[in-house]
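**Q** What shape does this take:
(one chain, ligands or ions: 1)
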Amino acid sequence: MNKRRHCLFTNDVETTSIWLNTLRDETGLKVLEEGMPILLDIYNEFNIISTFYFTGYIAKLFPDVVKMIIKDGHEVASHGKSHLPENGFDVMPFEKQKRHLEETKKLLEDISGQEVISFRAPALRVNNETVRALIETGHKIDSSVASQRFDFFLSFGGFKKLKWFTAPRLPYKVDPNNIFKKGNSDLVEVPLSALFLPYVGTTMRIFPTITALQRHGINFESKLNNKPVVFDVHPNEFIDESDEIRIVNKRSKNPIDFFLKDWLRSHLKIKNLGPAAIPLYKKEIQFYKDRGYKFTTVKQYCIENQLI
Ligand SMILES: [Zn+2]
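**A** Predicted coordinates:
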C-alpha cells in the first residue's frame with residue numbers, strides 16, 4: 001500500500017456554455033482553443049498529470065480536444081455521450097446506457113489509442129443499473145458519486161442524489177445493484193471530494209472563501225485516512241464568452257425549479273468565469289503541492305493502490 005497522499009484533479013470536457021446556460025458547438029470550439037490550452041499549461045507548470053472525462057459529443061466534433069492531452073501523459077476517460085438531459089444515466093434504460101457507454105469508449109479509444117476504463121456520468125446522474133452497464137462495457141472505475149455533498153436539490157436529477165448522503169467517502173468496490181454502497185462487483189468507485197458543498201471549480205469560483213476552508217478540512221481528513229483528494233474542474237470555466245448577450249434559457253418546467261436551477265444557478269455560476277479562474281485554480285493546486293501530495297490520474301491511483 002502506497003502511503004503517500006494523492007490528489008486526483010479531474011476535468012470534465014464538454015460543450016456546456018456556463019455563460020449562456022446551454023450546450024452549443026461554438027463553446028466546444030472555445031474549449032478546444034482556449035479552455036484546454038489554459039488547463040494543460042497549468043498542469044505543465046506544476047508538472048502534474050490528471051484525468052480528462054470527455055463527452056462523446058465533443059470528442060466527435062473536435063477529436064483534437066482528446067489528442068492534445070496525450071503527449072503530457074494525462075488519462076483519457078469517458079463522460080458519456082452528451083449532457084442532454086435525456087442522456088442522463090438516471091433516466092436511460094439499461095440497454096441505452098450500455099450503447100452510450102460502448103460508443104463513447106470506442107470513439108475515445110479510436111482517437112487516443114488509449115484504453116478507456118474510467119467513467120464519470122454527465123451531471124453525476126446514475127441509477128442502480130449503471131453499475132452493470134459499466135462492467136459489461138469494460139469500464140473499471142466510476143467517479144460519479146459525491147459522498148456527503150448537500151447541494152443536490154440545486155441540480156438536475158436532484159432528489160435521486162440523496163443517496164450521496166450515506167455513500168462511503170473512501171474509494172470502494174461497489175455493490176452490483178447499488179453504486180452508492182460497498183459490495184463485491186468489479187467496479188471501483190472513486191468518490192468526488194465534498195465537504196457540505198461540492199469540492200469543484202464552481203464552488204472555487206463562486207465562494208473562494210468556502211473553498212479555502214474546504215481544502216483545510218479535506219487535507220485534515222486525508223491525513224487521518226489517506227483519502228485521495230478528488231477535485232473536479234471544467235475547461236469551459238476558463239473561457240470568456242461575456243461579449244455575447246446573455247439570455248437564461250429555461251430548462252425547468254415549474255417556476256420554483258426555474259428559480260433554483262436555472263435563474264439562481266446561472267447568475268451565481270458566472271462569477272470568476274474566464275481568466276479570473278486561473279489564479280484561483282493555481283492556488284488550489286499549490287496548497288497540496290506544498291504538503292507533498294502526489295498528483296496522478298484516477299487510473300494510475302487505482303493501479304498503485306491495487307484497487308483494479
Ligand atoms: Zn459534465
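
**Q** going forward, measure contacts between C-alpha atoms and count neighbours the same way
**A** Noted.

**Q** what about the helices in the protein?
**A** Counting by DSSP state H, the chain has these helices, from start to end: 25-30, 36-46, 56-61, 64-67, 94-112, 130-136, 201-206, 208-225, 255-257, 265-268, 277-290, 298-304.

**Q** could I get the lengthiest strand in the chain in PDB with only the CA atoms?
**A** When the chain is parsed with DSSP state E, its longest strand is strand 6-13. C-alpha atoms of strand 6-13 as PDB (Å, rounded to 0.1, in the frame of the first residue of the first chain):
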ATOM      1  CA  HIS A   6      -2.900  11.600  -3.500                       C
ATOM      2  CA  CYS A   7      -4.500  14.400  -5.500                       C
ATOM      3  CA  LEU A   8      -6.800  13.400  -8.400                       C
ATOM      4  CA  PHE A   9      -7.500  16.700 -10.100                       C
ATOM      5  CA  THR A  10     -10.000  15.800 -12.800                       C
ATOM      6  CA  ASN A  11     -11.500  17.600 -15.700                       C
ATOM      7  CA  ASP A  12     -14.900  17.200 -17.400                       C
ATOM      8  CA  VAL A  13     -14.700  18.300 -21.100                       C
END
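
**Q** hmm, who's touching that strand?
**A** Contacting residues not belonging to strand 6-13 are listed as 31, 50-55, 58, 79, 226-236, 288, 293-298, 301 [Cα atoms under 8 Å, 6 or more residues apart in numbering].

**Q** In strands, which of these fall?
**A** Mapping these onto strands (DSSP E) picks out T51, F52, Y53, F54, V229, V230, F231, D232, V233, K294, F295.

**Q** Poorly predicted segments of the stretch 1-150 of the chain, please.
**A** 1-3, 150 (pLDDT under 70).

**Q** Go again with 50.
**A** 1-2 (pLDDT under 50).

**Q** Quick check: H216 vs D262, distance?
**A** 31 Å (Cα to Cα, to the nearest Å).

**Q** what do you get for E95?
**A** Relative to D262, and taking Cα to Cα, E95 is found at 31 Å.

**Q** More neighbours: which of these two?
**A** Higher neighbour count among E95 and D262: D262, with 20 against 11, using other Cα atoms under 10 Å.

**Q** From E136, how far off is that one?
**A** Distance from D262 to E136, by Cα to Cα: 35 Å.

**Q** Can you tell me the closest non-neighbouring residue to E129?
**A** Leaving out its chain neighbours, the residue that sits closest to E129 by Cα to Cα, 6 or more residues apart in numbering is F94, at 6.1 Å.
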